[in-house]
Each structure stands twice: as structure tokens, then as C-alpha cells.
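Q: what's the 3D shape of this:
(4 chains)
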2 protein chains.
Amino acid sequence: MAEQPRRGRPVASSRSTLEDAAAELFLERTYAGTSVSDITQRAGVSRSTFFNYFSSKSDVLWVTYDESIGRVAARLAAIPPDVPAMTAVRRAFAEATGPIESDRVPWAVTQRELMGTTEELQASGLARFMEQAAVLRRFLAGRTGMPTEDVGVQAAAFAVLGAVAAAAGAWAGAGVTRAPLHTYVDSALAPVCDGFAPVFLSS
Amino acid sequence: MAEQPRRGRPVASSRSTLEDAAAELFLERTYAGTSVSDITQRAGVSRSTFFNYFSSKSDVLWVTYDESIGRVAARLAAIPPDVPAMTAVRRAFAEATGPIESDRVPWAVTQRELMGTTEELQASGLARFMEQAAVLRRFLAGRTGMPTEDVGVQAAAFAVLGAVAAAAGAWAGAGVTRAPLHTYVDSALAPVCDGFAPVFLSS
DNA sequence: ACAATAAATGAACGCGGTACATTTATTCCC
DNA sequence: GGGAATAAATGTACCGCGTTCATTTATTGT
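A: Sure, this is the predicted structure:
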């Protein structure tokens, strides 16, 4: 929002070029079979440039996810304080995953078998998982007055995200005839939220 | 059990030497600050030898875990079929974590702040997590007749393990005055099992 | 034209992990 | 004791990821 002193260079950026090149190669030779050098060669830039835009090879699998990160955090914050904590969580995920268009789902999720990314996807996805867990912990702690280190708080956060991850995995694994993502997420989330609701009966 | 043709060399093995050297160095210089070469040098063996015993640097953090793997699977199998699925899960984890002695808990869990292994621990632990998830999915599917790909089955497995992981983390993070591990695990697991119980009302 | 800014490059390095051929120690058997 | 047989241990070479940092190059405003 604040206007910073413009002068420099911009106008040309290799970011999207790299994304495109990576997507092509991952589909052609799988994720593991593609080196960073391969990507930069196809993009017509030097290897160094890749790391100017992505901090790791796996980051390119999550671009659309990272762009929309904070979505859940924002939704959570917007839900009125009188709504029970776990109900708020369930609603926030429903709202966040409801309007997701297929083309904005990370390649890591949609293209996993094509790109051969089951293992790498897991490891790189874990970082996002832990970020979201921290968000959830803060939310639950804030609503209930419990400390973020509380076993119940931590267990709820992990259980919620575990269910969401499972739903995303099942959704991605289903054929093209599958139902919308948010229905998968909600049905996976319902039992978890029901189970933890009594734990977080905030005063 | 079957006696195979003995002849060869054994008697001397570098495995425990490597474990000890690694433990020392991780505590001295943190996990990230210790290279595989450092470990093998202190152990007085060559770098190649390390990979004869561990398939990765992070594996050494999980030795005690890997030794007792299958514990949960075995417990699950031993529980009579008339016990509801989620009750069986809860009981299996209680039995498996009940008799755990402190010195048999993986370094990855107990020593995390000392060894500075929060991130690497996560990535390497994920592999174990996914193995256990597969075990749970097979169990739940077997008991309920649902397919292992069912959203509910997958969500339950992930949620259960998420709760267990959170409990282990909270337990490790608590001081020496903490309660036994199994009480942490059970209190984390209770809401999840309660929530999913209605989903798996097996016929 | 010139200075400021940032994108792009290049080179070197450390580390994890793999592959594979080779050496060395130990045990069984004659 | 003198071999085979077996497996542990070694050495070497290699690849890919990721980091660091100094340097070049393109673009923009003044």
C-alpha cells in the first residue's frame, strides 16, 4: 500500500517462466527425474535465478497454495466470537475450500501420480501443515483461554489438519467425477469437530 | 528363526558405535551442525560404513522407534473383533505407549530442543507417520468393510495419528515432572475416537 | 547522460545420498 | 595350519540440492 521509492529495474521477471518450465518437465519426466538445472535450462535462465524466486525445488509445487495462504487464518478471524470454537473451525474450512477452482489447486495435490510426487509432496507439504497448525493453535488458545501448549489444543489442531489432509488426498485420488472439495473436507472434519467440541466449551 | 548358512565374518559391527558417536555429536553441535562425515570420523570408520547401517542421516534419530515398530499393529490385531473399531484403536495406543520407558523413546522426540531438530525431525518423522497411517487404514477398513480409500477411513487414521503426534510433542515439551506418556496420548485420543465412533458403527 | 535500483549471472563450495568395485577380517571345514 | 566362503569395511567417483557472494546487466527516474 505504501509507495516505496521506485527507480530500479523490474518489468522483466523470470518467475512465471520458471513455473511453466517446471510444470512441463515434471509432467514429462516426473518431479524426481527433473533437476533444477533442467528447469532453468528450459526456461532459458541460469540456475542461480531459480533460487531467486523459489527457496527450494519443492516450493514450485505449492505456488497456488502459498498464494492463498492465510485464507483460513483470515476466515477464522472473521467469525463472530460467540460461535463455539470447533464450529468456527469447521465453518472456516468450509468457506476457504468452497470456492476453490480446480485450476488453483496446487500441482502437488492434483498431479501427484502424473508427476510421481508422493514422497516429496509429503515432505514439502509438511511445512505448510505445521504453519497451519500454528494458526489453529493460536486460534483455539485465544478463544478458550487455554495455553497454546495444552495437549487438547495441540491435539485438536493436528487432528483437524490431519482430517483435512486426508480429505484433500481422497479428493485428489477420486476420479474426475468427484464431488467438490469442500464436501470431502466437511465430511472429514465433522467427526473431529464433534469430538473436540466438548473439550472447548468456552466460558 | 530358520538357521541360514553361517560362515562369513560378523562379530564386529559398527552400528552401535555409530549410534553413540551420533548421539554425542548431535548434543554437542546440534543435528544440523553435524555431518555424516563428522559421525563416522568420531566413530573411527569410513563414511561409506554409515550408509551400510542407516539409509539416511535422520534414521539415526529414530532407532528406538524403528525397533519397536509394528507394536501398534500387533496390539490392534490382538483386540477381539467385537470391540468397536475406535475403542480398539484407543486401547491399542494406550497399551503400546503404556510401558514405554524413557530411555527407549527416540531421540527425535526427547532431545529435540537440545539437538535442535525441530524441522528435520518433522520431515523424517513423517515417513513413520505415513506408515502408521497405512496400518490404521487397513485396520479400520478391515473392521468396517469400508474401502481403505474411503474419506472417513482416511480422515480417522490421520486424525488419530495427528492427535498422537500432538500428545507426544506436548509430552516431550513438558518438564521432567510430566505425567506418563500414555496419559497424554489417551487424553488427546479420546475426543477423536468419540467423534469418529458413530462413523464406524460396524454391523 | 547519469545515477540508482534490482534482476540476472557465475563460480565455488559443503552436504546428503548412490553406485560399485575392492579390500580386509572372521569363521567353518578339511 | 591351509584354504574357501561370507560379510563387513573401505575408497572412489559421481550427482543434485542449496548457500554464499561478488559481479554484471538491464531498466527507470531525474
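Q: tell me where the longest helix sits in chain A.
A: helix A:119-144 (DSSP state H).
Q: distance of residue A:41 relative to DNA strand C?
A: 11 Å (CB to the nearest atom of the strand, to the nearest Å). Using the backbone N, CA and C atoms, a C-beta is placed for each residue, glycine as well.
Q: and what about that residue, helix, strand or coil?
A: Using DSSP: H, G, I helix; E, B strand; the rest coil, the structure places residue A:41 in helix.
Q: that one: neighbouring residues, count only.
A: Using other CB atoms under 10 Å in any protein chain shown, residue A:41 is surrounded by 14 other residues.
Q: for the one 5 residues further on, same thing?
A: Each residue near residue A:46 was counted by other CB under 10 Å, and the total is 12.
Q: now residue A:44
A: For residue A:44, the tally of surrounding residues (other CB under 10 Å) stands at 11.
Q: got a list of what it touches?
A: residue A:17 (CB atoms under 8 Å, 6 or more residues apart in numbering or on different chains).
Q: break chain A into its domains for me.
A: A:15-54, A:63-200 (automatic domain parsing).
Q: from residue B:90, how far out is the residue in chain A positioned nearest to chain B?
A: Residue nearest to chain B within chain A: residue A:195 (2.3 Å; CB to the nearest CB). According to CB to CB, to the nearest Å, residue A:195 stands 12 Å off from residue B:90.
Q: the more surrounded of the two?
A: The neighbour count for residue A:195 versus residue B:90, taken as other CB under 10 Å, is higher for residue A:195 (25 against 21).
Q: skip the chain neighbours and tell me the closest residue to the more buried one.
A: residue B:195 (2.3 Å; CB to CB, 6 or more residues apart in numbering or on different chains).
Q: likewise residue A:72?
A: Nearest to residue A:72 is residue A:96, by CB to CB, 6+ apart, at 4.9 Å.
Q: quick one on the thing from earlier: any idea of the pLDDT on the residue of chain A closest to chain B?
A: Model confidence at residue A:195, given as pLDDT, is 95.
Q: picking that back up, where does the residue nearest to residue A:72 sit: helix, strand or coil?
A: Strictly by three-state DSSP, residue A:96 counts as helix.
Q: just checking, the residue of chain A closest to chain B touches residue B:193?
A: Yes - here residue A:195 lies in contact with residue B:193, judged by CB atoms under 8 Å, at a distance of 7.2 Å.
Q: can you pull out the helices in chain A?
A: For chain A, the helices defined by DSSP H occupy A:15-29, A:36-43, A:47-53, A:63-67, A:71-78, A:85-97, A:107-110, A:112-115, A:119-144, A:151-173, A:181-196.
Q: neighbouring contacts of the third one?
A: Read it as helix A:47-53. Against helix A:47-53 from outside (CB under 8 Å, 6+ apart): A:13-15, A:18, A:36-37, A:39-40, A:43.
Q: the residue positioned nearest the centre of chain A and residue A:89, how far apart?
A: Most central in chain A under CA atoms, centre = their mean is residue A:65, positioned 4.5 Å from the mean C-alpha point. Between residue A:65 and residue A:89 the computed distance is 19 Å (CB to CB).
Q: same question, residue A:151
A: 17 Å.
Q: so between these two, which is more surrounded?
A: residue A:89 (29 against 23).
Q: tell me the contacts of that one?
A: So residue A:89 contacts A:76, A:136, A:139-140, A:160, A:189, A:193 (CB under 8 Å, 6+ apart).
Q: how about residue A:138: what's its closest non-neighbour residue?
A: Once flanking residues are discounted, residue A:138 sits nearest to residue A:148: 6.2 Å by CB to CB, 6+ apart.
Q: right, and the one you found touches residue A:141 too?
A: Yes - here residue A:148 reaches residue A:141: they are 4.3 Å apart, a contact under CB under 8 Å.
Q: for the two, indicate the residue with more neighbours.
A: residue A:141 (18 against 15).
Q: shared neighbours, residue A:195 and residue B:90?
A: B:190, B:193.
Q: contacts for stretch A:125-145, please.
A: Residues contacting stretch A:125-145 (CB under 8 Å, 6+ apart): A:62, A:65-66, A:69, A:72-73, A:76, A:81, A:85, A:88-89, A:108, A:146-148, A:150, A:153-154, A:156-158, A:160-161, A:165, A:200, A:202-203, B:119, B:122-123, B:126.
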